[in-house]
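Q: Need coordinates for the following:
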Amino acid sequence: MNQRSADCILVLIVLIWGSSYLAMKWGMESFGIFTLIGLRFCIAFGIGLLLLWRRLSTIYLHTLVSSAILGLCFFCGFTFLLTGMKTTTTTSAGFLMTTTVLFVPLLQVLLFRRIPNLILILAILLSISGVGLMTLQDGLAIDPGALLCLAGSLCYAVQIVTTKWVLRVENAITIGLLQLGFTGLFALGAVFLFEMPFPAATPASGVIIIYLAIFCTLIGFVLQTVAQEYTSPEHTGLIYTLESVFAALFGYLFLREVLPLQGYIGMILVFAGVIIAVWSGNSSRGTTYA
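A: Residues are numbered from 1 along each chain as shown. Take a look at the predicted model:
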């Protein structure tokens, strides 16, 4: 697999994730936050273990530690996001979560002194400008929920950068699967502490959980981990900005939400930024300073 193929896989994953905002909103009507996270990730881990166990590498202590760290990043990120979505709008949450694309290069600079080149910086600016046009029609007031979404975005950025570092010595499928198990384990611990007894589930909520577990979690996160072996953290974070575009698309298809003209201009800018990054080849290597 080359970098362009990996980037295309990430775009497909983000398309699936664009539908997850709607599914999570519906899911929280029947489940608590930790129950929703726990069921989603535990089901994904169980199915993934049945399907992929033959492809798992030998599991060492450092493999478990790495997976636990990544799982903790996911658990914290989803906890912040879902808690924030209770008190802020979906539009605001979607915009704030795309700040991952800004946190990733910042972490690269702080941790590895890795500076993105001008082409990638241009792509980032185009994408962020596009997301702004799509989501800031009515203003963006910073409230506690918005701050929690920002914290979730930072957790995802840490997970992206850490995954790239971990995959230098670990098997991608093994790490991709084990991190789901640890995320579910952390969530179940929180369920027993804060959300017992379990709420009553409906058939519709069960379908939502299965969809989130199989498509948005198992397929999405495992493929993401594999694809990240062949692309850069900056590209990964940049492609994540497409999530807001796909969320808007699903909003139109299922809720008949229509964007104003500036919203569609924003979508074009986001796609332009991603295309520039994907087709720039080795542009994401940046410069490393001793």
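
Q: Do a quick rundown of the strands in the stretch 1-150 of the chain.
A: Counting by DSSP state E, counting those that start in this stretch, the stretch 1-150 of the chain forms strands over residues 114-115, given from the N-terminal end onward.

Q: Can you pull out the low-pLDDT segments for it?
A: In the predicted model of the stretch 1-150 of the chain, residues 89, 91-92, 114, 134-143 satisfy pLDDT under 70.

Q: what about residue 38, distance to residue 115?
A: Computed with Cβ to Cβ, to the nearest Å, the distance linking residue 38 and residue 115 is 39 Å. Yep, even glycine has a C-beta here, placed from its N, CA and C like the rest.

Q: which of these two has more neighbours?
A: Relative neighbour count places residue 38 above the other of residue 38 and residue 115, with 24 against 14, counting by other Cβ atoms under 10 Å.

Q: can you tell me which residues contact that one?
A: Residue 38 makes contact with 184, 187, 188, 190, 191, according to Cβ atoms under 8 Å, 6 or more residues apart in numbering.

Q: For residue 158, state which of those residues is nearest.
A: Of all the contacts of residue 38, residue 187 has the smallest distance to residue 158: 17.9 Å, by Cβ to Cβ.

Q: Which residues are in contact with that closest one?
A: Counting by Cβ under 8 Å, 6+ apart, residue 187 makes contact with 34, 35, 37, 38, 41, 42, 75, 78.

Q: again, only this time at 6 Å
A: Listed by Cβ atoms under 6 Å, 6 or more residues apart in numbering, the contact set of residue 187 reads 34, 37, 38, 75.

Q: what does residue 155 give?
A: Applying Cβ under 6 Å, 6+ apart, we find residue 155 in contact with 73, 76, 77.

Q: make it 8 Å
A: The contact partners of residue 155, taken as Cβ under 8 Å, 6+ apart, are 73, 74, 76, 77, 80.

Q: Regarding it, which helix or strand does it belong to?
A: In this structure, residue 155 is located in helix 144-166 according to DSSP states H and E.

Q: would you list every one of the helices in the stretch 101-250 of the chain?
A: Secondary structure of the stretch 101-250 of the chain (DSSP state H, counting those that start in this stretch): helices at 118-135, 144-166, 172-194, 203-211, 220-227, 233-239, 242-255.

Q: Just name the most buried of those.
A: Burial of the helices of the stretch 101-250 of the chain is given as mean neighbour count (mean count of other Cβ atoms under 10 Å); helix 233-239 ranks first at a mean of 28.

Q: mind checking how far it is from the chain centre?
A: Between the mean C-alpha point of helix 233-239 and the mean C-alpha point of its chain there is a distance of 11 Å (Cα atoms, centre = their mean, to the nearest Å).

Q: Stretch 66-86 too?
A: Using Cα atoms, centre = their mean, the distance between the centre of stretch 66-86 and that of its chain works out at 10 Å.

Q: do stretch 171-178 as well
A: Stretch 171-178 has its average C-alpha position 16 Å from the chain's average C-alpha position, going by Cα atoms, centre = their mean.

Q: Residues touching it, excluding its own?
A: By Cβ under 8 Å, 6+ apart, stretch 171-178 touches 45, 48-49, 52, 55-57, 59, 63-64, 66-67, 70-71, 163, 166-167, 221-226, 228-229.

Q: Put the alpha carbons of that stretch into CSV.
A: Listed in CSV are the C-alpha atoms of stretch 171-178, where the atom choice follows Å, rounded to 0.1, in the frame of the first residue of the first chain:
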residue,chain,number,x,y,z
ASN,A,171,1.7,-4.9,14.4
ALA,A,172,-1.0,-2.6,13.1
ILE,A,173,-3.9,-5.1,13.3
THR,A,174,-3.0,-6.2,16.8
ILE,A,175,-2.8,-2.7,18.1
GLY,A,176,-5.9,-1.6,16.2
LEU,A,177,-7.9,-4.4,17.8
LEU,A,178,-6.5,-4.3,21.3
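
Q: Distance check, residue 180 against residue 35.
A: Taking Cβ to Cβ as the criterion, residue 180 is separated from residue 35 by 16 Å.

Q: Tell me who's in contact with residue 39.
A: Residues 31, 184, 209, 213 are the ones in contact with residue 39 under the rule Cβ under 8 Å, 6+ apart.
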